[in-house]
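**Q** Just to be clear, the model below is a prediction. Sequence and coordinates:
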Amino acid sequence: MALLCLPLGAAAQSSGAPVYSVNDNDIESRLTVLERKVDNRADMQHRLQQQIDNMQNELDELRGAVEVHTNQLQKVLDRQRELYLEIDKRVEALKQNGFSASGTATDSTAGSSAAVNTPTAGQPASSSSGASESDAYEKAVNLILKSREYDKAIPEFQAFIERFPDSTYAPNAHYWLGQLLFNKQQWQDAASQFEMVANKFTDSVKRPDALLKLGIIAEKTGNQARAKALFNEVISSYPDSSARKLAEVRL
C-alpha cells in the first residue's frame, strides 16, 4: 500500500486546526491596552474615593449645623420656660398679697416680688454655667460651619474640652477636634481624639464615625489589619449608621 505524505502545514489545514500568527507587536499592543485599562480603573477608583471623603466631610458639617440649631432652639425653649415660671410666680404672689387701695402693690407684695427675682441658692451657678458651656461650644462650632476658620477652631475646642471635660457636648467636641487634626494629616493627634470618643463616650452618636476615622487613620499609616478590624466593628456594631456604608466601601 502506498503511503501519502503531506506537508505539516497542509496536514493542519486539512484537519481544520486553526493557525495563529503571534508576534511581539501583538503582545505589546495587548499589554498596552491592558495597562491603559488598569490605569483608567485606578484613576476612577481614586476619584471615587475622593468623592466619598468629600461627602463624609460635608456630612460632618451638616451634622454640626444640626447640633448648633438644636442647641439654639433648646436655649430659646429654656428661656421661654423660665419666663413662664417667672410670670406664674409673680401672679401667684399678687394673688396672695393683694393690691393697695391706690392700685399699687403693698410693701409685702413688693417684698415677695423681690424674693421672686432673687435666684435660689443653686440657680445662678447652674444657669450661668450652662449658658457659658453652650456658648463656648457654639462659638467653636461656628468657627467651622460659618466662618470656616479651621485653625482658630482647634484651640477653641481644646479650651472647651479642658474647661468642660464632662459636658454633654464633650464627645462632639472631641470628634470635631479630631476631624480638624485629621484634615491637617496630624494622624496621631487626631487618633487620640477619636479614641476618646470611642472609649470614653461609648453611648455617643459620634462613636461609629470615630471608629470609622480610626480605621481610615490606620489605613493611611499602613496598619491594614487594624483598619480592617475597625471597619468590621463599625459594620457589626452600627448596621443602621451612615458610617457602616462608608466602612463597607473602605473594605
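**A** The structure has been received and is ready for your questions. Numbers count the residues shown, from 1 in each chain.
**Q** can I see the domain layout of this protein?
**A** By the assignment in automatic domain parsing, the chain contains the domains 32-112, 143-251.
**Q** most tightly surrounded among those?
**A** For the domains of the chain, the largest average neighbour count (mean count of other CB atoms under 10 Å) is found in domain 143-251, namely a mean of 18. (Each C-beta comes from the backbone N, C-alpha and C, glycine too.)
**Q** Quick one: end-to-end distance for it.
**A** Taking CA to CA, to the nearest Å, the first and last residues of domain 143-251 lie 33 Å apart.
**Q** can you redo the domains of the chain as a markdown table with mean pLDDT and distance to Ser132?
**A** Listed next are the domains of the chain as a markdown table, based on pLDDT from 0 to 100; distance: least, CB to CB, whole Å:
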| stretch | mean pLDDT | distance to Ser132 |
| --- | --- | --- |
| domain 32-112 | 65 | 12 |
| domain 143-251 | 93 | 9 |
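**Q** Figure out which of those is closest to Ala136.
**A** Among the domains of the chain, the nearest to Ala136 by CB to CB is domain 143-251 (5.1 Å).
**Q** related to what we said a few turns ago, go through the domains of the chain and name the closest to Asn25.
**A** Minimum separation from Asn25 across the domains of the chain (CB to CB) falls at domain 32-112, 10.5 Å.
**Q** Going by secondary structure, the nearest residue to Gln158 once chain neighbours are set aside is in what exactly?
**A** Once flanking residues are discounted, Gln158 sits nearest to Leu177: 6.6 Å by CB to CB, 6 or more residues apart in numbering. Under the criterion of DSSP states H and E, Leu177 resides in helix 170-183.
**Q** swap in Arg244?
**A** According to DSSP H and E, Arg244 maps onto helix 242-250.
**Q** what does that helix contact?
**A** Contacts to helix 242-250, defined as CB atoms under 8 Å, 6 or more residues apart in numbering, come from residues 52, 56, 59, 208-209, 211-212, 215-216, 219, 227, 230-232, 234-235, 238.
**Q** what do you get if the cut-off is 10 Å, keeping everything else the same?
**A** 48-49, 52-53, 55-56, 59, 63, 206-213, 215-216, 219, 227-228, 230-238, 241 (CB atoms under 10 Å, 6 or more residues apart in numbering).
**Q** quick one, strands of this protein?
**A** Under the criterion DSSP state E, the chain carries no strands.
**Q** thinking again about what came up before, compile the domains of the chain into JSON lines and extend it with columns for distance to Tyr137.
**A** Below are the domains of the chain laid out as JSON lines (distance: least, CB to CB, whole Å):
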{"stretch": "domain 32-112", "distance to Tyr137": "7"}
{"stretch": "domain 143-251", "distance to Tyr137": "4"}
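**Q** nearest to Asp135, of the ones you listed?
**A** Closest to Asp135 of the domains of the chain is domain 32-112 (CB to CB; 9.0 Å).
**Q** Out of the contacts of helix 242-250, which sit inside helices?
**A** Counting by DSSP state H, these place 48-49, 52-53, 55-56, 59, 63, 207-213, 215-216, 219, 227-228, 230-237 in helices.
**Q** returning to that earlier point: can I get the helix holding Arg244 as CSV, trimmed to CA atoms?
**A** Coordinates of each C-alpha in helix 242-250 appear next as CSV, following Å, rounded to 0.1, in the frame of the first residue of the first chain:
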residue,chain,number,x,y,z
SER,A,242,-24.2,56.0,57.7
ALA,A,243,-20.7,55.1,58.9
ARG,A,244,-21.4,51.4,58.1
LYS,A,245,-21.8,52.2,54.4
LEU,A,246,-18.5,54.1,54.3
ALA,A,247,-16.8,51.3,56.2
GLU,A,248,-18.1,48.8,53.6
VAL,A,249,-16.7,50.9,50.8
ARG,A,250,-13.3,51.0,52.6
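**Q** That one vs helix 207-220, what angle?
**A** Comparing the axes of helix 242-250 and helix 207-220 via axes from the mean of the first three to the mean of the last three CA atoms, to 10 degrees yields an angle of 20 degrees.
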